[in-house]
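1. Fold the following and give me the result.
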Amino acid sequence: LLDLIVATITAKYTQSNSVCVAVGGQAVGVGAGQQNRVDCVKLASRKARLWHARQHPKVLGLPFNASVKRPERVNARVNFINNELTSSDHAALFAQPVDALLPAEQDEWAGQLTGMALSSDAFFPFSDNVFQAQKYGVKYIVTPGGSVQDDDVIAACNEFGLAMAFSGLRLFHH
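-> As a prediction, the model looks like this:
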């Protein structure tokens, strides 16, 4: 319940057409300002997955050179996860060679990210939002409801074993 509250409060104070994903009492992904809601779900879910990837033991154990400052470390971790570091980046950043975080390792790690809560500032117009959310480990959804497609969205939640509640409170303000 706490994660749904955190996600809803975050969505309330985010640009319209927003979706927030929370886990462990913190907002870990926000998707906002997109032209459609499913893109907001994808964006928030990908950000949550990146947040989780930053907790991977290989990422936490990166042997940074003492001269690398905190902001550079943050960027280097994201670039390491995305496999975007060159050999000269490795030499400048790390005290010793590091093995890449392989896609299979990332997928296995991402599979541990479950039980997330998602809140939307407006109704889900189609069930594709639920499909995308469950792909990334969302298990709980709160949305205002009120779509002519609510029955399809409910059916999708039931199909994937997601709990969904209608708040009746629209946070989308234009």
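2. State the distance from Val153 to Pro103.
-> Distance, Val153 to Pro103, using Cβ to Cβ, to the nearest Å: 31 Å. In this view, the C-beta of every residue, glycine as well, is placed from N, C-alpha and C.
3. More neighbours: the two, which one.
-> More neighbours surround Val153 than the other of Val153 and Pro103, with 23 against 9 (other Cβ atoms under 10 Å).
4. which ones are touching the residue nearest in space to the middle of the chain?
-> Residue closest to the average C-alpha location in the chain (Cα atoms, centre = their mean): Ala48, at 2.3 Å. Counting by Cβ atoms under 8 Å, 6 or more residues apart in numbering, Ala48 touches Val21, Val23, Val28, Gly29, Leu113, Met116, Tyr136, Gly137.
5. Heading C-terminal from the helix or strand hosting it, find the next helix or strand.
-> According to DSSP states H and E, Ala48 maps onto helix 37-53. Downstream of helix 37-53, the next assigned helix or strand under DSSP H and E is helix 57-60.
6. between the contacts of Ala48, which is nearest Met164?
-> Nearest to Met164 out of these is Met116 (Cβ to Cβ; 13.3 Å).
7. is it true that that closest one touches Val23?
-> Yes: between Met116 and Val23 there is a contact at 4.5 Å, judged by Cβ atoms under 8 Å.
8. tell me, what's touching those two both at once?
-> By Cβ under 8 Å, 6+ apart, the residues touching both Met116 and Val23 are Asp3, Ala48.
9. model confidence over the helix holding Ala48, on average?
-> When pLDDT is averaged over helix 37-53, the result is 95.
10. same question, stretch 7-21
-> Computed over stretch 7-21, the mean pLDDT rounds to 92.
11. gap between Leu101 and Val68?
-> 18 Å.
12. no, scratch that, I was asking about Leu102
-> Leu102 is 23 Å from Val68, by Cβ to Cβ.
13. Looking at the two, which is more packed in?
-> With neighbours defined as other Cβ under 10 Å, Leu102 and Val68 compare such that Val68 has more, 15 against 11.
14. after the host helix or strand of Ala11, next one along is what?
-> Using DSSP H and E, the element containing Ala11 is helix 2-12. Remark: after helix 2-12, the chain's next helix or strand is strand 19-23, criterion DSSP H and E.
15. That next one - contacts with which helices or strands?
-> In terms of contacts (3 or more Cβ pairs under 8 Å, 6 or more residues apart in numbering; DSSP states H and E), strand 19-23 is packed against helix 2-12, strand 26-31, helix 37-53, strand 116-120.
16. Thanks a lot, see you next time.
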